[in-house]
Every structure is written in C-alpha cells, then in structure tokens.
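Participant: Starting from these lines, generate the structure:
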Amino acid sequence: MSGKSASSRAAIYGRNSSAKQKSINDQQAENRAFAEANGWTVVAELDDPSSASRYATKSRTNWARLLELLPSIDVVVLWEPSRGDRTLATWVAFLDACREHQVRVAAVSHSRVYDPRNPRDYRSLAEDGVDSAYESDKTSGRVRRGHATAASAGRPHAPTTYGYVRRYDPATRAFLEQLPHPEHAAVVRDIIVSVGRGEPLHQVTHRLNASRTATPRGGAAWYHSTIRGIAGNQAYRPHPDDPARGVRMHNGDLHIGQWPPLVTESEWQAAQAVLGGNSETARRARRNSAPGQIKYLLSGNSAVMTAACGSMLSGFCATDGRGATYGCKMDRCASAPMPEVDEYVTRLVVARLARQDARRLWVVDDVASRAAEEELSQLRAELEAARQSFYRPGGISAEALAGKEAAMVPAIEDARRRAQPAGAPLALLELIEAGKFGTERVQAAWEAFPLPARREVIAGLFGALTLGPATVRLTRWTPPAERLAVVADRISHEWSHA
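Facilitator: Below you'll find the model as predicted:
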C-alpha cells in the first residue's frame, strides 16, 4: 500500500490481563525486534496490564490512545491478535478503523503482517477476534462455575479476610482451613461491638490509630470507610443455619463458610442497625443525626423525649449565671435544668432494667439465643457443682478445680454472648445482663456507654417521655434534693412494654 510517510511509522502494543509487567516487557521486546527487522520506525510504545474481554472491570487507557493514533501511523504491532481486544464488536471496530486509515496489523507470533483492506487478511483477523471472544467466554464460564462451586462448599475467596489467617498444604498449596487471626480477630470484634454500642466512627478510628493497630492492607491509618466496611462484612457473622460457622456470600446468597464467626448474630445485627444496613432511609437518617454530632442526652429527637406540646427538646449550654437547660424546640412551652432532667431519667432507666423481669419484657428471644441460654445455665451449674465439690471431703483437688475453671470460664463467656438475642440493641442487652447483679452494676454499665448508646436505650425503653410546663420556680438557692423532686414531678413517662 502507499505509506503515509517515507518510512513506515509503527506503534507497538502489549497487554497482559494478569498485570505481570515482566510478561508485557517480553511482548514489547519481541514487538520492537519485529518492527526493527521490517525497517519500521517505532513512534509509540503502549501497554495495558488489564483484561481486554467484555468481562473487564478496568478501562484500558493506552488502548484508547492507540486508537487515537491510527490516522498518524502505518502499522500496529501486536504479539498476537488476542493481545489487542477479546471483545468481538470492538475488535471489528478496530479493524474497520485500520482499514479506513490504511493501517496494517502485524502479529509477531504469526510472523505475519495483515492488511485489513485485503478481504482475506480482514477475514483472518476477524476470525482471530471470534476465537478470542470464544475463549474469553469459555474462561469466564469456568471462572464463574469455579466461584459458585467454591461458594457452595463454603471455601473463602481471596484475598484473606482481615481477622483471619489461612493454612495451605505445604506441598500442593491446597486450602486447608481459615482460622481467627491471633491478633486481628480481636480488632474485628472490637470494631463491630463498638459500632453496635453506638460509639461514633470517628472515635473508633481515632482509638485504633492512637494504638497503632495494624490496618487490613498495611496502610498508615484507619479511615471511616474501613471501619464501615468491616462492620458490615457478613463473613464475620454466624450463618443462620449453622451458628458455629461464618457466612460465605456469593451473588447475594448466604452459604455456610468453612470458618468460625468472630461475633454473635446480635452483635452483628446491632452494628447494621447503627450503620443503616441496606435501608437508604436508615442511612439518610443516620447522616442527618450522626452519633458524633450528639451533644445532649435527651435533645434533638422526638423518639427520646418531647415537650408536652409534642415537640422535641433542644439543649442549651450553660451561660453566665444560668446552667444548661432543656427547652421546647418550637415555642419554649417547657424548660427545665438539664442536670436534674438527665439524673431523673437515668434513675428511671437503671431501676427498670434492674428488675428481674427486664429480659422477658424487653427482649424477644430467638431460637439460637434460647439454646445458648440453656447451654449457659448448664455450664454455670456444672462449674458451681465443681466449686461445691472442692469444699466437700473427698471432693476434687485445687488443681482439678483450677483446670476446670480455666476450661469452662471462656466457654461460659462465649455462651453468654451467644445468648444475646438478635435485633436488640447491644447497650440494652448489656444493661439487662448487669441488672442480674443489682442497680449498682446497671449504673456503672450505663455510665460507661457513649452518649449515642444511652439515647438508643432510652428510645427503646420508653413509649413516651414528656417534659411538662413549670409549676414551681427554681432558683440557684433551691436545695439539690428539692430541685430534683420538682423536675421529677414535671416528667411523665410510659414504658414501651407493660
């Protein structure tokens, strides 16, 4: 053909879908040698370390650049046609563009230079495109079937999920098992439980960065997105059909994984409730009222506390000569000193959750939690029997008792965690557990919770919590006990359960 210049201008292109730069370098070396042997001037060396099939998820920047160069070059040098494009439609479009701009296509592995204007050459290149697309489809089918088979068998998918470590056969490199990582598993559990208890993401992130905890990818710092990704990863939760195993997700389906979960179902569900789960409405509500923006216990949410008119309360910080107060957000029909309101509501919560019927009234048990509760009772009874035996003549020895306690205490703690029903806020469950040991334990647990967790408990416990209008004027000289009594008289409440 008539060249566009005295010396043919060539662009060489290499590609490897496995992103192995050495393989691309080998291709380009052969492409360059082929161009020199034919006396062509190489004006561009381009490569893309990504797939060219229709299943590719990454764009090929340099392939697009090669197409832009076609009007100004004479020949495109490829190691083989499949290195160009494995999608038939775009390969044919490339051939048509080469034919239009009188650009030849050199296939180094064929030792051939094709001219797309020649019908036989065009057909040969087009058939290569058909073969490449066919092989791509076959490969994709094998990969999909392999993934589906692995998912059904519960085998993990690469890379290794943070919080776990994998064992492989040293000879065959076949997968053997996936186990909790000796250090990272505790980090995962801490993240999910902390999020489920309402701890703001920025606090979790700051705590992990301050302790220099290793990140999943070895980065320098933790970020909100990383915390959110771990807290929402279903691999860490128990499978509904086999709570002793984690979850293997594939195309939206849950399969029983070949590894133990790192948290209980209730802990995982609590974290999803905080993050919004799959509900866009819940996520939007959380963005509009992020835990990190909450300043006061009872303000800013009608589900927590309202004025008599039905409006939510606003919190007002202390100013000169005036302490912090709550007031009606709409028209200030009600206003009361914040410390006394907080203290009285806290007393209501602590007293209610210290009652023996708290769990039965406030928590709806599920099958898994009831089974764990029975297991917990049996373990506790067995350990108590061993301790009583130690004090009886002829009973077990001190060494035997110590060994039994060392073995059973972790099992009891695990059963206690699994006995927490799914769907209930973690803070509420922990308070109910503390209530078995009296109001002091409930009070201590309450004070240890972050503010968002306390608000979640209040919203769940009370069907209505209302601040009425003032009937007695309080001054700075009013005794503390009288101030609390006056505020208590103005607060009415209804429990969400009888």
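
Participant: rest of the way, CA atoms for contacts and neighbours
Facilitator: Fine.

Participant: how about low-confidence regions in the stretch 101-250 of the chain?
Facilitator: 132-134, 136-154 (pLDDT under 70).

Participant: change it to 80
Facilitator: Residues of the stretch 101-250 of the chain that meet the criterion pLDDT under 80 lie in 129-158, 240-241, 249-250.

Participant: where do the strands sit along it?
Facilitator: 104-107, 112-114, 164-168, 175-180, 247-250 (DSSP state E, counting those that start in this stretch).

Participant: Highest mean neighbour count out of these?
Facilitator: Greatest average neighbour count among the strands of the stretch 101-250 of the chain goes to strand 104-107 (a mean of 24), per mean count of other Cα atoms under 10 Å.

Participant: Can you tell me what sits against that strand?
Facilitator: Residues outside strand 104-107 that contact it (Cα atoms under 8 Å, 6 or more residues apart in numbering): 74-81, 98, 112-116.

Participant: Isn't residue 114 up against residue 121?
Facilitator: Yes - using Cα atoms under 8 Å, residue 114 is in contact with residue 121, at 5.5 Å.

Participant: still on that earlier bit, of the contacts of strand 104-107, select the buried ones using a ChimeraX command.
Facilitator: Burial among the contacts of strand 104-107 is assessed by 16 or more other Cα atoms under 10 Å; the matching ChimeraX selection reads:
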select :74,75,76,77,78,79,80,81,98,114,115,116
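
Participant: Export the contacts of strand 104-107 to a markdown table and append columns for distance to residue 409.
Facilitator: Shown next, in a markdown table, are the contacts of strand 104-107 (distance: Cα to Cα, whole Å):
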| residue | distance to residue 409 |
| --- | --- |
| 74 | 78 |
| 75 | 75 |
| 76 | 71 |
| 77 | 70 |
| 78 | 67 |
| 79 | 65 |
| 80 | 65 |
| 81 | 66 |
| 98 | 75 |
| 112 | 75 |
| 113 | 76 |
| 114 | 76 |
| 115 | 79 |
| 116 | 77 |
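
Participant: out of the contacts of strand 104-107, who's nearest residue 68?
Facilitator: residue 98 (11.1 Å; Cα to Cα).

Participant: what's the helix or strand for the closest one?
Facilitator: Using DSSP states H and E, residue 98 sits in helix 88-100.

Participant: For that helix, output the C-alpha coordinates as PDB.
Facilitator: What follows is helix 88-100 as a C-alpha-only set of coordinates in PDB (Å, rounded to 0.1, in the frame of the first residue of the first chain):
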ATOM      1  CA  LEU A  88     -15.600  -9.100  19.100                       C
ATOM      2  CA  ALA A  89     -17.600  -5.900  18.500                       C
ATOM      3  CA  THR A  90     -14.700  -3.600  19.500                       C
ATOM      4  CA  TRP A  91     -12.100  -5.800  17.700                       C
ATOM      5  CA  VAL A  92     -14.100  -5.400  14.400                       C
ATOM      6  CA  ALA A  93     -14.400  -1.700  15.000                       C
ATOM      7  CA  PHE A  94     -10.600  -1.600  15.400                       C
ATOM      8  CA  LEU A  95     -10.200  -3.500  12.100                       C
ATOM      9  CA  ASP A  96     -12.600  -1.100  10.300                       C
ATOM     10  CA  ALA A  97     -10.700   1.900  11.700                       C
ATOM     11  CA  CYS A  98      -7.400   0.400  10.500                       C
ATOM     12  CA  ARG A  99      -8.900  -0.300   7.000                       C
ATOM     13  CA  GLU A 100     -10.200   3.300   6.800                       C
END
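
Participant: For the stretch 151-300 of the chain, which segments count as helices?
Facilitator: Counting by DSSP state H, counting those that start in this stretch, the stretch 151-300 of the chain has helices at residues 184-196, 201-210, 224-231, 265-275, 280-288.

Participant: ok, back up a step: which strands or helices does the helix holding residue 98 pack on?
Facilitator: helix 119-152 (3 or more Cα pairs under 8 Å, 6 or more residues apart in numbering; DSSP states H and E).

Participant: One more pass at 10 Å, please.
Facilitator: helix 61-69, strand 104-107, helix 119-152 (3 or more Cα pairs under 10 Å, 6 or more residues apart in numbering; DSSP states H and E).

Participant: got the angle for that helix vs helix 61-69?
Facilitator: 30 degrees (axes from the mean of the first three to the mean of the last three Cα atoms, to 10 degrees).

Participant: in helix 88-100, what's buried?
Facilitator: Here helix 88-100 shows 88, 90-92, 94-99 as buried, counting by 16+ other Cα under 10 Å.

Participant: Report the mean per-residue pLDDT for it.
Facilitator: In this model, helix 88-100 has a mean pLDDT of 87.

Participant: what's the answer for stretch 368-388, then?
Facilitator: 82.

Participant: How far off centre is it?
Facilitator: 33 Å (Cα atoms, centre = their mean, to the nearest Å).

Participant: Where does the prediction get shaky in the stretch 301-450 of the chain?
Facilitator: In the stretch 301-450 of the chain, residues with pLDDT under 80: 319-322, 331-332, 356-373, 391, 413-429.

Participant: which residues in it form helices?
Facilitator: 338-353, 358-362, 367-391, 398-418, 426-435, 439-448.

Participant: quick one on the thing from earlier: which of the helices of the stretch 151-300 of the chain sits most buried?
Facilitator: The stretch of those with the highest mean neighbour count (mean count of other Cα under 10 Å) is helix 265-275, at a mean of 25.

Participant: Distance from that one to the middle of the chain?
Facilitator: 11 Å.

Participant: ok, now stretch 439-459?
Facilitator: When distances are taken as Cα atoms, centre = their mean, stretch 439-459 is centred 26 Å away from the chain's centroid.

Participant: would you turn the helices of the stretch 301-450 of the chain into a markdown table with distance to residue 467?
Facilitator: Output for the helices of the stretch 301-450 of the chain, formatted as a markdown table (distance: least, Cα to Cα, whole Å):
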| stretch | distance to residue 467 |
| --- | --- |
| helix 338-353 | 9 |
| helix 358-362 | 24 |
| helix 367-391 | 37 |
| helix 398-418 | 37 |
| helix 426-435 | 23 |
| helix 439-448 | 22 |
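
Participant: To residue 181, which of the ones you listed lies closest?
Facilitator: helix 398-418 (17.5 Å).

Participant: so what does the closest one touch, helix or strand wise?
Facilitator: So helix 398-418, by 3+ Cα pairs under 10 Å, 6+ apart, packs with helix 265-275, helix 367-391, helix 426-435.

Participant: Dump those helices to CSV, plus distance to residue 130.
Facilitator: As requested, those are exported to CSV (distance: least, Cα to Cα, whole Å):
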stretch, distance to residue 130
helix 265-275, 47
helix 367-391, 54
helix 426-435, 58
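
Participant: for the ones you listed, which one sits closest to residue 67?
Facilitator: Across these, closest to residue 67 is helix 265-275 (Cα to Cα), at 45.4 Å.

Participant: Run the angle between that closest one and helix 367-391 for me.
Facilitator: Interaxial angle, helix 265-275 versus helix 367-391 (the same axes, to 10 degrees): 130 degrees.
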